[in-house]
Structures are given as structure tokens and as C-alpha cells.
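S.K.: Show me the folded form of this:
(one chain, ligands or ions: 1)
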Amino acid sequence: MLKVGLGRDLHRLVKGRRFLLGGIEIPAKRGELGHSDGDALAHAVCDAILGAAALDDIGSLFPPSGQAWKDADSMELLRRAFAVAKEAGWRLINLDCVVSCEEPKILPFRDSIRKSLAQSLECSVDRIFVKGKTGEGLGPIGKGKAVEALAVCLLTNEQLTDNNE
Ligand code: MG
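M.R.: I've put the predicted structure just below:
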């Protein structure tokens, strides 16, 4: 069986915070505000995987009200979410993502982000893609006040031959 999942996240960008995407820190004037480290891409990917597996969502698995997840490493949250899906028999076929922010540019960091996500999702990097977009100066994204991440993934409950299994 194949199952598709969709995830979306949005974080405010403020001074004095790190700008993280898929576990990679990108030099920027502002970073993501959040209860955890604020990694919007990691959060969107979590929800895509959990949604495809019809298991849960990031908010109920790692409640922002809980002190346990304060300043949490979002890639650790992603590894835990993926472990839940794997435990239920799901394997990742591919993941495609769009990150929207006015700055910084994502392209120079794209391959590092892909590698980081591939490592956490225990797959080859060719199963993961990430694209950067701007907000064309419009809305909170275009004004540099927020970053948005979208992720879509495809899971299978059959064995994959090229996934280090
Ligand atoms: Mg979030």
C-alpha cells in the first residue's frame, strides 16, 4: 500500500534566534521563534510522515505546553516521529518540500539540508528534495516576518531495496 502525507508549518522570524531548516543552521539576520528550536521544515516533514501513516501530529506527539520539548532539537523530534511510523511498518519512498522566506537564499544550503533530512529519515539523498521560494514582497513571508515550510511524502508498507535495509 502507498500513502501520501502533507505537512505545513509557519514560524515567526525574530532577531536573536537561529535560522534552522532541516537541522542545518543558515546565517540570517532573524531566526525562527518557537517553543522548540523552531525548525519549520523539520516540523512540516514530521507532520507529513505522521499524516501519511495516520498516526498522530507533531502537536499531540510533542505538545508545546510540555517543558520536555522546550528548545528541543527538532531533528530529534523528526527521528522520533519517523521511528513511530517505521514501528507501524511504513518506509519512506520520497519527500518533497518547499520553503518560503524572503531571506536568506535557500539554494546554497539545499544539498546540506537534503543530506541532513536523508540521514534522519535513514534513506538515500535522492529520495529527498527541497526548493526555496520567496514571498515576492507580499504578506508576512514577503515582509521577512515569517518562514513557511510545506512537505509532501509518500510512504509504503512494502520493503525497499535501496534504503539501507
Ligand atoms: Mg513548528
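
S.K.: quick one: terminal-to-terminal distance for stretch 78-96?
M.R.: In stretch 78-96, first residue to last residue: 15 Å (CA to CA, to the nearest Å).

S.K.: and it, anywhere near the ion?
M.R.: No: under the criterion of CB under 5 Å from the ion, stretch 78-96 makes no contact with the ion; the nearest approach is 11.5 Å. C-betas here are computed from N, CA, C, even on glycine.

S.K.: mind listing what's buried in that stretch?
M.R.: Neighbour counts over stretch 78-96 (16 or more other CB atoms under 10 Å) mark 78-79, 81-82, 84-86, 90-93, 95 as buried.

S.K.: what's the answer for stretch 30-50, then?
M.R.: 30-32, 34, 36-50.

S.K.: now the residue lying closest to residue 63 once chain neighbours are set aside: how far from the ion?
M.R.: Spatial nearest neighbour of residue 63, chain neighbours left out: residue 69 (7.1 Å); criterion: CB to CB, 6 or more residues apart in numbering. Residue 69 sits 11 Å away from the ion when distances are taken as CB to the ion, to the nearest Å.

S.K.: report the longest strand in the chain, please.
M.R.: strand 2-14 (DSSP state E).

S.K.: State the next helix or strand along the chain beyond that one.
M.R.: Going down the chain from strand 2-14, the next helix or strand is strand 20-21, by DSSP states H and E.

S.K.: now for the helix or strand just after that following strand, which elements pack on it?
M.R.: Heading C-terminal from strand 20-21, the first helix or strand you meet, by DSSP H and E, is strand 24-25. Helices and strands in packing contact with strand 24-25 are listed as helix 110-120; criterion 3 or more CB pairs under 8 Å, 6 or more residues apart in numbering; DSSP states H and E.
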